[in-house]
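A.B. asks: Give the three-dimensional model of this entry:
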Amino acid sequence: MLDAEGRTTGRWTGRAALRIVAVLLVAALFLMLLGQTSIRPQDWPDGPEAFAAQYLYDENTYIDQNQILRGGEAAVAALSAPRSFADYEQLAEIAIAKGQYDKALPAIASCIELAEADRDANLMARLYLKKGCLETLTGEDTRALTSLGLATALDPLLPEAWLVQTEIQIRQQDWLKAADSLDRYMELKPEDTRMLAALAEIQEMNGDYPGAIASYTQSLVRHQISDPAIWLRRGSCYLQIDDFAQAAADFKQALALEPDHLAVQENIALCYLLLEDYEAVLAVGKSVTDLDLVSAEFLQHLGVSALALDRASEAEAFFTLSIARQEDLTTNYYYRGVSYLVLEHYANAQADFTKSIQRGEMLQLSYYNRGVCAVHLENYQLAQADMQQTLALGEDDQLNQAARSLLRQLGQS
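C.D. replies: Sure, this is the predicted structure:
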């Protein structure tokens, strides 16, 4: 752009604007996961069938822990003409052992009906727990939650009921309730550190990044020190709280465990970009064996870093690659236009700033810089119109001052 004296300067966005753009890129990248938000690190598992659900599916065996406790004549009697609580309980156990959960359900319902008269809260709680487990196994999650809710109301100290509730709530992506249920379970079963990773992911989904970091840390210490995915997820939480240095450290740990992982390399580069360590960003780019495999966002990060280091030709090449990879990526045309402007390729720069304006990106800077190109191309009418538009947007006082100065010079020419 031109300074107030009409000279070409290196100011194209400034540190603050770059940081804002970088933060917006983070928001565009992430999200995950989890749909939530926020930052979306590359290549995470999507949806509820991720770490939290998987941990529960792998570790929660309570539902299936039912055996035939009695046999022989008692079993035959229960199957042929059930009358008593013991008969229906036996019938349910036999059906469960055979995997006939739909047949076990009415037997458990009969047990509940017969047990209500005794008003034994603990017994009723365990019956509702079993009913909820069976409803879960038959795909009746809504009914299961009702049964499990009755179980925890009767006996809040029944850990398995909270655990099965958590599984269903994760499946339904009801993260707030899942966090509460798993918290209750872990209060009752603090020794069950297998669930720390599940709790961490649920906290992350709820935006409780400090809590998630603490839980991921405990999981890393106790169980998952060699699992790159846990380092990745904790790093994503550090990104969310703007601790870019610690996020980069976690991503490096993940990369050490899984070398040449592109998603990890891209996230390390993003951290360095947010830390304004542009040489480090480009170093990450050089370590990538095949740039044809990386994302358009990563190529843009390399271009922004090269541009910040006044390596305009290198920057232009990265932005061109990024545009070819994803034509509609935000701000690419503006940044490439800046690269062309620095290289004094004014016609190319003017074309890119026009595309940036058409896309509504960085409008005041785009109008001003297109006007500068128009001056160099001796299109003074366009230059004057763009300076007027720069003033009309009025977002940046320094740009306004530079635009007024250039308008005065155009008026004298």
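A.B. asks: Can you give me the buried ones in stretch 94-104?
C.D. replies: Taking 16 or more other C-beta atoms under 10 Å as the neighbour-count basis, stretch 94-104 is seen to contain the buried residues Ile94, Ala95, Ile96, Tyr101, Ala104. For every residue, glycine as well, the C-beta is placed using N, CA and C.
A.B. asks: so Ala402 sits right up against Tyr368, yeah?
C.D. replies: Yes: in this structure, Ala402 sits in contact with Tyr368. The criterion is C-beta atoms under 8 Å, and the distance is 7.0 Å.
A.B. asks: Does Ser215 belong to a helix, a strand or coil?
C.D. replies: helix (DSSP: H, G, I helix; E, B strand; the rest coil).
A.B. asks: I'd assumed Ala200 was in contact with it.
C.D. replies: Yes: between Ser215 and Ala200 there is a contact at 3.5 Å, judged by C-beta under 8 Å.
A.B. asks: Leu239 is in contact with Gln246, correct?
C.D. replies: No: using C-beta under 8 Å, Gln246 makes no contact with Leu239, being 9.2 Å away.
A.B. asks: who has more neighbours, those two?
C.D. replies: Neighbour count, other C-beta atoms under 10 Å: between Gln246 and Leu239, Leu239 has more, with 27 against 16.
A.B. asks: ok, Glu361 - contacts?
C.D. replies: Thr330, Thr331, Tyr333, Tyr334 (C-beta atoms under 8 Å, 6 or more residues apart in numbering).
A.B. asks: Show me which of Ser215 and Ala200 is the more surrounded one.
C.D. replies: For Ser215 against Ala200, the residue with the higher neighbour count under other C-beta under 10 Å is Ala200, and the figures read 29 against 25.
A.B. asks: tell me what the helix or strand encompassing the more buried one is packed against?
C.D. replies: Assigned by DSSP states H and E, Ala200 belongs to helix 196-205. Packed against helix 196-205 by the contact rule (3 or more C-beta pairs under 8 Å, 6 or more residues apart in numbering; DSSP states H and E) you find helix 51-59, helix 159-171, helix 175-188, helix 209-222, helix 228-240.
A.B. asks: Save those helices as CSV, and put in mean pLDDT and distance to Arg83 too.
C.D. replies: Written out in CSV, the entries for the helices and strands packed on helix 196-205 read as follows (pLDDT from 0 to 100; distance: least, C-beta to C-beta, whole Å):
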stretch, mean pLDDT, distance to Arg83
helix 51-59, 46, 38
helix 159-171, 90, 29
helix 175-188, 91, 36
helix 209-222, 91, 50
helix 228-240, 92, 53
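A.B. asks: need those helices in TSV with distance to Leu270, can you?
C.D. replies: Written out in TSV, the entries for the helices and strands packed on helix 196-205 read as follows (distance: least, C-beta to C-beta, whole Å):
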stretch	distance to Leu270
helix 51-59	22
helix 159-171	28
helix 175-188	25
helix 209-222	16
helix 228-240	8
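A.B. asks: right, and those helices - which one's nearest Gln358?
C.D. replies: Counting by C-beta to C-beta, Gln358 lies closest to helix 228-240 out of the helices and strands packed on helix 196-205; the figure is 31.6 Å.
A.B. asks: picking up where we left off before, can you add secondary structure, distance to Ala385 and pLDDT and give the buried residues of stretch 94-104 back as a markdown table?
C.D. replies: Putting the buried residues of stretch 94-104 into a markdown table (DSSP: H, G, I helix; E, B strand; the rest coil; distance: C-beta to C-beta, whole Å; pLDDT from 0 to 100) gives the following:
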| residue | secondary structure | distance to Ala385 | pLDDT |
| --- | --- | --- | --- |
| Ile94 | helix | 85 | 83 |
| Ala95 | helix | 81 | 84 |
| Ile96 | helix | 79 | 85 |
| Tyr101 | helix | 74 | 88 |
| Ala104 | helix | 78 | 88 |
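A.B. asks: Point out where this structure drops to low pLDDT.
C.D. replies: Scanning the chain with the threshold set as pLDDT under 70 gives 1-82, 224, 412-413.
A.B. asks: Domains in it, by residue range?
C.D. replies: 1-30+280-413, 33-47+196-276, 48-172 (automatic domain parsing).
A.B. asks: Point out the most buried one among those.
C.D. replies: Among the domains of the chain, the stretch with the highest mean neighbour count (mean count of other C-beta atoms under 10 Å) is domain 33-47+196-276, at a mean of 21.
A.B. asks: In a markdown table, list the domains of the chain along with distance to Leu188.
C.D. replies: Converted to a markdown table, the domains of the chain look like this (distance: least, C-beta to C-beta, whole Å):
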| stretch | distance to Leu188 |
| --- | --- |
| domain 1-30+280-413 | 33 |
| domain 33-47+196-276 | 13 |
| domain 48-172 | 4 |
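A.B. asks: Which among the ones you listed is found nearest to Ala179?
C.D. replies: Proximity to Ala179 (C-beta to C-beta) singles out domain 33-47+196-276 among those, at 4.6 Å.
A.B. asks: which residues does Tyr101 contact?
C.D. replies: Counting by C-beta under 8 Å, 6+ apart, Tyr101 makes contact with Ala95, Leu134, Leu137, Thr138.
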